[in-house]
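Asker: Kindly return the folded structure for what I paste below:
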Amino acid sequence: MTVTYAERWGVVTGASSGIGAEFARQLAGRGMHLVLTARREDELKQLAEELYTAHGTKTEVITADLANPTEPQRLFDEIKQRGIEVELLVNNAGIGFAGAIEQTDVSRMMELIQVNIAALTELTYLVLPEMLSRKAGGVINVASVAAFQPVAYNGVYSASKAYVLHFSESLWAETHQRGVIVMALCPGTTATNFFNVSGVPHWLEKHPSQTADAVVRAGLTGLDKRRQYYVSGRKNYLLSLLVRLATRATVVKGSIKYFKPKKQK
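Answerer: Presented below is the predicted three-dimensional model:
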């Protein structure tokens, strides 16, 4: 067993809602104590109370805005100051955006890169040395099925998730024989508020989706199986394979229909 859950400490970023909050619930259900971090302190405190009531596990709340380049190190330092040894890191925090070039806020795209790539990378490298010295621990980096292909009108987000996938697989190759697993979790469309804040508020109404519960269960299954990546859902897994059979031009042209903005009347 690579990761021991009961009476050990996990860290979940982006824990205030959606997949992050569900990771917290299921890890607490396995007896894991948790550091919950996100920007919204009230939601984190409410979740912490829920976890204690349901499972009696310990919870530390540390607010952090990972779009700020100084926050990953501060978060790590605060965890260390509280005397916590991290057994599992779940890099779930992420920003999405879908829209035409003319609609794109460049500063927002730079924040997306900071959260989805830079903060995830920094936190991963900060926790891994101690895990490797103990020969135990794990990192789950939340990617996406978008990691397997370029997606028109969603270019920065899909590229950021391709980075997460490749980065995680590379580290898996370095660590899996040393008692530590780094895994990319690749969900498809998931029933959370993610699409509303990413500029496509009606996406869930038009496409089949998984629950956050199903995505997290898949992620923990993949980690227990010591996988380098894990796609949640059979249809999503088949999609990740099918895009490899077509030319790259065919794949990216085919993606246009999914996020192309409607013409203004």
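
Asker: Can you pull the poorly scored residue ranges out of this protein?
Answerer: Across the chain, the ranges flagged by pLDDT under 70 are 1, 191, 193-207, 209, 263-265.

Asker: All the strands of the chain, residue numbers only.
Answerer: Using DSSP state E, the strands of the chain run over residues 9-13, 33-38, 59-63, 86-91, 137-142, 180-186, 229-231.

Asker: gap between the last one and the chain center?
Answerer: Spelled out, it's strand 229-231. Relative to its chain's centre, strand 229-231 lies at 12 Å (C-alpha atoms, centre = their mean, to the nearest Å).

Asker: I'd like to know which elements that strand is packed against.
Answerer: helix 155-175, strand 180-186, helix 212-224 (3 or more C-beta pairs under 8 Å, 6 or more residues apart in numbering; DSSP states H and E). To be clear about C-beta, it is placed using only N, CA and C from the backbone, and glycine gets the same treatment.

Asker: same deal with the first one?
Answerer: Secondary-structure packing of strand 9-13 (3+ C-beta pairs under 8 Å, 6+ apart): helix 18-29, strand 33-38, strand 86-91, helix 120-134.

Asker: quick one: buried residues of the last one?
Answerer: Spelled out, it's helix 120-134. Residues Leu120, Thr121, Glu122, Leu123, Thr124, Leu126, Val127, Leu128, Met131 are the ones in helix 120-134 that count as buried (16 or more other C-beta atoms under 10 Å).

Asker: what's the angle from it to strand 9-13?
Answerer: 170 degrees (axes from the mean of the first three to the mean of the last three C-alpha atoms, to 10 degrees).

Asker: Kindly report the same for the first one.
Answerer: With the same axes, to 10 degrees applied, the angle from helix 18-29 to strand 9-13 works out at 170 degrees.

Asker: Can you name every helix or strand that helix 18-29 contacts?
Answerer: Checking 3+ C-beta pairs under 8 Å, 6+ apart, helix 18-29 ends up next to strand 9-13, strand 33-38, helix 41-55, strand 86-91, helix 212-224.

Asker: Good, wrapping up.
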